[in-house]
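**Student:** Provided below are the primary sequence and the corresponding predicted coordinates.
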Amino acid sequence: MPATRLRDLSPAQWRSGLAAWLGWTFDGLDMHLYTLVAAPFVAELLGVGSTADPKVGHYGSIIQGAFLLGWAFGGGLFGRIGDRLGRSKALVLTILTYASFTGLSFFATQWWHLMIFRFLAALGIGGEWAVGASLIAETWPPRWRPWLAAVLQTGVNIGIIGAGLANMLLASAPPRYLFLVGILPALLVLWIRRAVPEPEEWSTAHEGSGSNTPKLRDLFAGGQRRTTLWIIATCSISLTAHWAFMFWHQQHLRNLPEVLSLSAGEKNKLASIAMYLVIGTSIVGNFFSGWLAKQVGYRNAIVAMFIAYFCCMLGAYGTPRDHHAILNWLPWIGFCQGGFALFTMYLPPLFPTLIRTTGAGFCYNIGRITAALGTIFFGLFSTFGDHRAGLLYAGMLFLPAAAVACFLPDTRD
């Protein structure tokens, strides 16, 4: 009989849930360390004196593009490993990957060194999303999925807040020191390997499949093809817009005329405050999105949140604003980001068990490729540190993303 209360859950379910949540928390930590110090660190690596130098934005966007590209490949790579070797084993590998290469970013002496380290770290971050989502989907009660999606996404948000806190504590240190914080997730690996079993659903399917395991091409076969293509389209458009905001809003804020005169430490603190405003309200947005999905279904909730995201981006960047005015808009943008939490529990059940992690990881994270190109593309609209036009055009993508999302399967738990 499925558990209906928290106290009905087994110890194995609790451990699986905690492992996935911690994996996502450290995912968020390592994911956003770079965005907090991108401008000063890239300026240091290039040997230029100002973060407003066009070279900083140019090479910084290339590094972020490589990160998003690695995220896309990691979703497919570790998704396949998760379907072949098991969710728990794959989770360990993803965490080791992103912790190791985030820490190695400390040793970068050229901009392309940092690009390579961020690409490799992103392989693990992209893979962890798919593995953790499938682990939860296969071990916890299906009727709880909207709330589980909110809780998992909140783990990412807390990790990002942790990155902001680390940035504040290390505000007076050279930017590269922030990457050493990214080694911490590696401490989680030994506990996961010992305490978290493989889900019974995966084990049963794996043992019964023999050598007839599904292939990547099966995502595009038969009735599965339509679902796969609409998910890819929705994620590609929305993630391009979302990651353009997540990267460029920090750079735009740092280079506003009244902010340029601040000290490096004051700029770091302002960047952390901006991150807190976005991420703190996105936690509220996660649970609102879960509630909304319960009322109207996943598809309609995603459409509604994307439309709201567009409206808030238009309000924030539709006209030039000083940093005080922008800070007032950031909580609303953060709230709308809760829509992305829904993909966590919405996508895995749309795929068969032995291609579930591959399907969810590939279809969601393939959007990072367009997001990588979009981050670089929208950076072209910058004029000596002013990224407002790029942010505005990126926000407009949420309208076609909402339109395409209307064709997703309409499911409820």
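**Tutor:** On my side now, so go ahead. Residues are numbered from 1 along each chain as shown.

**Student:** next, give phi and psi for the closest residue to residue 68 other than its chain neighbours.
**Tutor:** Spatial nearest neighbour of residue 68, excluding adjacent residues (Cβ to Cβ, 6 or more residues apart in numbering): residue 372 at 3.7 Å. All C-beta spots, glycine's among them, are computed from the backbone N, C-alpha and C. For residue 372, the backbone dihedrals (degrees, to the nearest 10) come out as phi -60, psi -50.

**Student:** least trustworthy helix or strand in the protein by mean pLDDT?
**Tutor:** Least confident helix or strand, the chain: helix 367-379 with a mean of 70, by mean pLDDT, DSSP states H and E.

**Student:** and the residue lying closest to residue 48 once chain neighbours are set aside, how many neighbours does it have?
**Tutor:** Excluding its sequence neighbours, the residue lying closest to residue 48 (Cβ to Cβ, 6+ apart) is residue 55, at 5.9 Å. The number of residues packed around residue 55, counting by other Cβ atoms under 10 Å, is 14.

**Student:** about what we covered before: the residue nearest to residue 68 contacts residue 65, correct?
**Tutor:** Yes. Counting by Cβ atoms under 8 Å, residue 372 does reach residue 65; the two are 3.9 Å apart.

**Student:** hmm, back to that, quick check: buried residues in the helix or strand harbouring the residue nearest to residue 48?
**Tutor:** Assigned by DSSP states H and E, residue 55 belongs to helix 54-85. Neighbour counts over helix 54-85 (16 or more other Cβ atoms under 10 Å) mark 56-83 as buried.

**Student:** show me what the top helix by length along the chain is packed up against.
**Tutor:** Ranked by residue count, the top helix of the chain under DSSP state H comes out as helix 11-46. Applying 3 or more Cβ pairs under 8 Å, 6 or more residues apart in numbering; DSSP states H and E, one finds that helix 11-46 contacts helix 54-85, helix 87-104, helix 111-139, helix 145-169, helix 189-195, helix 224-254, helix 264-296.

**Student:** do I have it right that residue 216 meets residue 80?
**Tutor:** Yes. Contact status for residue 216 versus residue 80: in contact at 7.2 Å, counting by Cβ under 8 Å.

**Student:** now do the shared contacts for the two.
**Tutor:** The contact sets of residue 216 and residue 80 overlap at residue 358 (Cβ atoms under 8 Å, 6 or more residues apart in numbering).

**Student:** returning to that earlier point: put together TSV for the helices and strands packed on helix 11-46, with mean pLDDT and distance to residue 317 on each row.
**Tutor:** Listed next are those as TSV, based on pLDDT from 0 to 100; distance: least, Cβ to Cβ, whole Å:
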stretch	mean pLDDT	distance to residue 317
helix 54-85	85	16
helix 87-104	92	30
helix 111-139	90	26
helix 145-169	86	21
helix 189-195	83	41
helix 224-254	88	8
helix 264-296	88	14
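
**Student:** to residue 354, which of these lies closest?
**Tutor:** Closest approach to residue 354 among the helices and strands packed on helix 11-46 (Cβ to Cβ): helix 54-85, 5.6 Å.

**Student:** quick one: that closest one to chain centroid distance?
**Tutor:** Mean-position distance between helix 54-85 and its chain equals 11 Å (Cα atoms, centre = their mean, to the nearest Å).

**Student:** check stretch 334-353 too.
**Tutor:** Worked out by Cα atoms, centre = their mean, stretch 334-353 lies 12 Å from the chain centre.

**Student:** give the buried residues for that stretch.
**Tutor:** 334-351, 353.

**Student:** ok, and the closest non-adjacent residue to residue 132?
**Tutor:** residue 20 (3.9 Å).

**Student:** got it, and residue 21?
**Tutor:** Computed as Cβ to Cβ, 6+ apart, the closest residue to residue 21 that is not its neighbour in sequence is residue 155, at 4.5 Å.

**Student:** got it, and residue 84?
**Tutor:** Residue 84 sits nearest to residue 213 (Cβ to Cβ, 6+ apart), 7.0 Å away.
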